[in-house]
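build me a model from this:
(chains A, B, C and D)
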Number of protein chains: 2
Amino acid sequence: MGVDEVIERAGVAKATLYRHFPSKDALTLAFLEQREERWTYGWVAAEARLRGATPEEQLLAIFDAFDEWFRQDGFEACSFINVLLEMGNGHPAGNASVRYLANVRAFVQSLADEAGLRETEAFAHSWHILMKGSIVAASEGDTEAAKRAQKMGRLLIEQYR
Amino acid sequence: MGVDEVIERAGVAKATLYRHFPSKDALTLAFLEQREERWTYGWVAAEARLRGATPEEQLLAIFDAFDEWFRQDGFEACSFINVLLEMGNGHPAGNASVRYLANVRAFVQSLADEAGLRETEAFAHSWHILMKGSIVAASEGDTEAAKRAQKMGRLLIEQYR
DNA sequence: CAGGCAAGACAGACTCTTCTGTCTGTTATT
DNA sequence: AATAACAGACAGAAGAGTCTGTCTTGCCTG
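Here you go, the predicted structure:
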């Protein structure tokens, strides 16, 4: 996705883009920031809270939302993971991705806290592994990935109760 | 990693590289093939069989090997996942990565078969989610990722016994 | 064993494309 | 009248792939 493709899809002149963003890297950073707003908070967190009555159910509901996501035909994996693996942990955008992923995990931990689980930080790390693993599996074409992760999630909750 | 960097690190002339590989894409494919030989079979499978006495222990030993891997300072994530997420599922190299990942899963399933577990295909898909999730977590810098995945692995084995 | 020849490796210049970022000159809006 | 948008040309860098001309290596034959 080059700058030319960006401006064409945005229906905007090149100079206009560069008036608003000093460089392509800055645009990438801004994209990731918006992604956190829309994906992490506007979608994952919102869907979880909407679909589950209790904190535990809300945790499990993350994978109900993922299940619908994975079955969309234009499915594209998580931008944070993509950017992290492509740019690496040293690049500014890679670092930003790590921070945004940490915020996803923080949301998981807050649900775990509300659920009264033990060692919620370790729990959230493990839960996040299920989320990231299922996203990669979905990228491979495994449409059942969310259901598998949800099952493991149930086992994990039992363990930390 | 451009072609110029490749030939410089290989200590080889550009024409020599292009004598052996018709294009950079072909080189990528050959790299992935070698990676399967060295990583999947020469390392993961070999370490698992070496470190565990029973098939179940061998499954769990995958994460002991991962643990050492994640703690290496020059740690680089799984090439198959990287290429899959970077190139996408449509690109030839992306497709190849999906096949190589399927072979990793096939190895897991063969251990599950030997262990006498139920529904070994579903088990292997779930186990593979743990592997991939822990690799992404390690890319973020979570050095405990392998241990977390191993714990979940134990729960999963109980469930499929 | 020795001389020569073919195959392939070498460095690096070159072309062509693509990409980022800048600049120009015009048009619309407020 | 000023601000910002527009289309698009342009510069400079980087990347893939080709080509030239030299040098090494190993093998075959006399």
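
just give me the neighbour total for the closest residue in space to A:Ala10 that isn't next to it in sequence.
In this structure, A:Ala10 finds its nearest non-sequential neighbour in A:Leu17, 7.3 Å apart by Cβ to Cβ, 6 or more residues apart in numbering or on different chains. (Glycine included, C-beta is placed from N, CA and C.) For A:Leu17, the tally of surrounding residues (other Cβ atoms under 10 Å in any protein chain shown) stands at 15.

do stretch A:86-96 and chain B meet?
Yes. Contact of stretch A:86-96 with chain B (Cβ under 8 Å from any Cβ of the partner chain) involves A:86, A:89.

any idea of the pLDDT on the residue nearest to A:Ala10?
On the pLDDT scale, A:Leu17 is placed at 96.

contacting residues around it?
A:3, A:6-7, A:10, A:27 (Cβ atoms under 8 Å, 6 or more residues apart in numbering or on different chains).

report all helices and strands that the strand or helix carrying A:Leu50 contacts.
Counting by DSSP states H and E, the element that carries A:Leu50 is helix A:46-51. For helix A:46-51, the elements it packs on are helix A:55-71, judged by 3 or more Cβ pairs under 8 Å, 6 or more residues apart in numbering or on different chains; DSSP states H and E.

for the helix or strand that the helix it packs on is followed by, buried residues please.
Next in sequence after helix A:55-71, counting helices and strands by DSSP H and E, comes helix A:79-87. Within helix A:79-87, the residues that count as buried by 16 or more other Cβ atoms under 10 Å in any protein chain shown are A:79-85, A:87.

count of neighbours near whichever residue of chain A sits closest to DNA strand D?
Proximity of chain A to DNA strand D (Cβ to the nearest atom of the strand) peaks at A:Thr16, 3.2 Å away. Using other Cβ under 10 Å, A:Thr16 is surrounded by 11 other residues.

which residues touch the nearest residue to it once chain neighbours are set aside?
Using Cβ to Cβ, 6+ apart and skipping residues adjacent in sequence, the residue nearest A:Thr16 is A:Ile7, 7.8 Å away. A:Ile7 is in contact with A:13-14, A:16-17, counting by Cβ under 8 Å, 6+ apart.

in TSV: those residues, plus secondary structure and distance to A:Gly42.
Below are those laid out as TSV (DSSP: H, G, I helix; E, B strand; the rest coil; distance: Cβ to Cβ, whole Å):
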residue	secondary structure	distance to A:Gly42
A:Ala13	coil	29
A:Lys14	helix	29
A:Thr16	helix	26
A:Leu17	helix	24
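
thank you, goodbye.
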